[in-house]
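A.B. asks: Got a predicted structure plus its sequence, pasted below:
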Amino acid sequence: MWSNWSGNQSCDAQVQRPVGADAIRALLRDTTGVVRPVGAGHSFTPLVPGAGHLIAPAPAGDNPIRAIVQDRVRVDPNVSLKTLSEAMAAQGRAFRNLGDINVQTLAGATQTATHGTGRSLQCLAAEITGVQVIDGTGERVEIASEDLPGAQVALGLLGIVTEIEIRTVPAYNLRRRSGVRPIEELIGAMHDNWDTHRNYEFFLLPHSGKGVGIAHDPSDAPHGRPPADLDELGVFFLRAAGALCHVHPGLRRSAIRLLALVMSDEDYVGESWQVLCATRRTRFNEMEYHLPPDSARDVLAEITRLIETRHTDVWFPIEVRQTAGDDAWLSPFQNGPRVSVAVHMHARQVYEPYFRDCEAIFRAAGGRPHWGKLHSLARRDFEILYPDLPKFDALRARLDPRDRFLSPALAAWFRP
Ligand SMILES: Cc1cc2nc3c(=O)[nH]c(=O)nc-3n(C[C@H](O)[C@H](O)[C@H](O)COP(=O)(O)OP(=O)(O)OC[C@H]3O[C@@H](n4cnc5c(N)ncnc54)[C@H](O)[C@@H]3O)c2cc1C
């Protein structure tokens, strides 16, 4: 029995862990029906269930790095971003950017266009310069350069990814600074902050009038000691304050204001991959839409109003980031930068009514959903949002002519 991180997706199939390309080919040859690749199971959408066999390729050795040529590193993509970051650091290299956590596999993260934040920084998939897959016919295929934009973000529909070549940068240190600010200041200054800082993001704390801004900038200063995990402490406190609402709404507001007062500012320096990524222990479900940057201000005002009027039980922070554009056919960042707004509910809370109302706002603003996070879009919506979808369909038909990787849920989105 497999289930994802938040527990909202599950299926009966066992996860099989073939070692090496030949074992994956044999598994495809010796089975029938739908097979789905799986990484660390950190997607909320039905990308994995619906298959008789789940494949999570196992590492072939201790070192995931297969080759380094100038700034490009060829790796085993079926290990975690953390393992890869450590291996790269030993060679003086680093990912240019990373998201909030690093337990995902590189294959899983890139197949859904996982992103961090930074006005000039693209999503991880856009850094890919080469992809090797075992396709639906069991052939080992190095994706041709003209098809690469189709394979960078592909939801595991073109084959089991067995090697990725990715652009990297020399290892670097970042200074992390965070502080509590009024919501109006965070929203009003967001574009200036993206202009000023290498990485910038902010979280709005519902019912408080406050939020937390987080900036990362290159630094040569000595490493500092990371403070206690403020993200987790904050979430713990917000949850407890949320419960007070049932006693009296004013009590919650006072408790959250107190949190905002006692949350100390962070300021420390460390290796990029350690400073950018945190641990998320509190399980949640999430929806994230990537929006045209000019619409972000109005969308945030509408979401804040929604929480204060219709969804007063929401206590999880709203996360706001920006990612540079790229040209991958299924990238939500295709053809220009996007501001990403993410809403969350605790894994044991009912999330549908809140997410449904947020989604209406995101869609009216022209947003595209994160492939790994909850949404209700259908094939006709993707046809409008992704002009290169027909090219992707043609590539998928070539690499997986018998639909070995097409589960029923994915057929609803990807069968023309
Ligand atoms: C706590 C948490 C924090 C998160 N933070 C961020 C964030 O900061 N930024 C962001 O953008 N997203 C974030 N996400 C979403 C997450 O990065 C994506 O959903 C990502 O796809 C998960 O990677 P995974 O390794 O768990 O892959 P899975 O969820 O297991 O799989 C994702 C997709 O990749 C495919 N796949 C996996 N392995 C292979 C392979 N070898 N070959 C072909 N296809 C494969 C799967 O079939 C599936 O379609 C977060 C999710 C959680 C739960």
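C.D. replies: That came in fine, so what should we check first?
A.B. asks: can you list the residues of this protein near the ligand?
C.D. replies: Residues of the chain lying near the ligand by CB under 6 Å from any ligand atom: 5, 36-43, 47-48, 57, 78, 99-101, 104-105, 107-109, 111-112, 114-115, 155-156, 160-161, 280, 370, 372. C-beta coordinates here come from the backbone N, C-alpha and C atoms, glycine included.
A.B. asks: buried subset of those?
C.D. replies: Burial by neighbour count, judged by 16 or more other CB atoms under 10 Å, picks out 5, 36-43, 47-48, 57, 78, 99-101, 104-105, 107-109, 111-112, 114-115, 155-156, 160-161, 280, 370, 372 from the residues of the chain next to the ligand.
A.B. asks: hmm, back to that, just the ones of the residues of the chain next to the ligand in helices?
C.D. replies: Counted as lying in helices by DSSP state H, out of these, are A107, G108, A109, Q111.
A.B. asks: quick one: the spatially most central residue of the chain from R176, how far?
C.D. replies: In the chain, the centroid-proximal residue (CA atoms, centre = their mean) is T114; its distance is 3.5 Å. Using CB to CB, to the nearest Å, T114 is found at 20 Å from R176.
A.B. asks: where do the strands sit along the stretch 1-150 of the chain?
C.D. replies: Applying DSSP state E, counting those that start in this stretch to the stretch 1-150 of the chain gives strands spanning 2-3, 10-11, 15-16, 35-37, 53-55, 65-69, 72-75, 93-94, 128-134, 140-142.
A.B. asks: Pipe these into a markdown table and attach mean pLDDT per row.
C.D. replies: Conversion of those to a markdown table gives the following (pLDDT from 0 to 100):
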| stretch | mean pLDDT |
| --- | --- |
| strand 2-3 | 97 |
| strand 10-11 | 96 |
| strand 15-16 | 96 |
| strand 35-37 | 98 |
| strand 53-55 | 97 |
| strand 65-69 | 97 |
| strand 72-75 | 98 |
| strand 93-94 | 98 |
| strand 128-134 | 98 |
| strand 140-142 | 97 |
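A.B. asks: from these, which stretch is densest packed?
C.D. replies: strand 35-37 (a mean of 26; mean count of other CB atoms under 10 Å).
A.B. asks: quick one: contacts of that one?
C.D. replies: 27-28, 47-57, 107, 156, 160-161, 404-405, 407 (CB atoms under 8 Å, 6 or more residues apart in numbering).
A.B. asks: go on, stretch 349-365?
C.D. replies: 285, 287, 289, 291-292, 295, 298-299, 302-303, 306, 310-311, 313-314, 341, 343, 345, 369, 374-376.
A.B. asks: Would you indicate which residues of the helix or strand harbouring D381 are buried?
C.D. replies: Using DSSP states H and E, D381 maps to helix 379-385. Using 16+ other CB under 10 Å as the test for burial, helix 379-385 gives F382, L385.
A.B. asks: elements contacting that helix?
C.D. replies: Applying 3 or more CB pairs under 8 Å, 6 or more residues apart in numbering; DSSP states H and E, one finds that helix 379-385 contacts helix 408-414.
A.B. asks: Show me what the helix it packs on is in contact with.
C.D. replies: Contacts of helix 408-414 (CB under 8 Å, 6+ apart): 46-47, 49-50, 155, 157, 377-379, 382, 392-393, 396, 403, 406.
A.B. asks: Which of the residues you listed ranks first by neighbour count?
C.D. replies: L157 (27 neighbours; other CB atoms under 10 Å).
A.B. asks: need the contact list for the one residue in the stretch 101-250 of the chain that gets nearest to the ligand.
C.D. replies: In the stretch 101-250 of the chain, the residue found nearest to the ligand is G108; the distance is 2.2 Å by CB to the nearest ligand atom. Contact partners of G108, counting by CB under 8 Å, 6+ apart, are V38, G39, A40, H42, S43, T114.
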